[in-house]
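[1] Starting from these lines, generate the structure:
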Amino acid sequence: MKHLIDQIKNHPDYHKSGMILSHEGVVRQTSSTGKIVSGLRVQVNKDALHKIITRYRERPGIVDVLIEIIHDIDLKVGDTIMYLVVAGDIRQNVIATLSEALDEIKMFVTSKTEYYEQN
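    Below you'll find the model as predicted:
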């Protein structure tokens, strides 16, 4: 995630930032249905991701939105799935942007295949 934060700090409008907020999503041991997960694989709709990032970068007060999604490889419990970093002027703008962008990314950009432990 440090490389994304460093990239934001090199943005020409970084001086307008009052906050950098980040999210790191990781592979959880239990699925949303309570099954024990041994790993997962994530697929990404790159066109949808590009549209979402572009739209959120245009929000008032937002300096930049950067994302990195680990996809098309098998991940195990504890591995990072996604980094999302948002920089902007005030916390209300930045927190709302990160939260809403994350929700949209999870709904429209990523799909996952979970692998379950064999009993």
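
[2] Can you tell me how far the residue most central in space within the chain is from E117?
    Central residue of the chain (CA atoms, centre = their mean): L84, 3.5 Å from the mean position. Distance from L84 to E117, counting by CB to CB, to the nearest Å: 29 Å. Yep, even glycine has a C-beta here, placed from its N, CA and C like the rest.

[3] if we can go back for a sec, can you tell me the element the residue nearest to the centre of the chain falls in?
    In this assignment (DSSP states H and E), L84 forms part of strand 80-88.

[4] which secondary structure elements does the next helix or strand after that strand contact?
    Read in the C-terminal direction, the helix or strand following strand 80-88 is helix 91-108, with elements assigned using DSSP H and E. Other elements packing on helix 91-108 under the criterion 3 or more CB pairs under 8 Å, 6 or more residues apart in numbering; DSSP states H and E are strand 19-26, helix 46-57, strand 62-69, strand 80-88.

[5] Which positions in helix 91-108 come out as buried?
    Within helix 91-108, the residues that count as buried by 16 or more other CB atoms under 10 Å are 93-94, 96-98, 101-102, 104-105.

[6] Quick one: residues in contact with that helix.
    If you take CB atoms under 8 Å, 6 or more residues apart in numbering as the criterion, helix 91-108 is touched by 18-21, 23, 45, 48-49, 52-53, 56, 59-62, 65, 67, 69, 82, 84, 86-88.

[7] change it to 10 Å
    Identification of contacts with helix 91-108 by CB atoms under 10 Å, 6 or more residues apart in numbering yields 17-23, 25, 44-45, 48-49, 51-53, 55-57, 59-63, 65, 67, 69, 82, 84-88, 109, 112.
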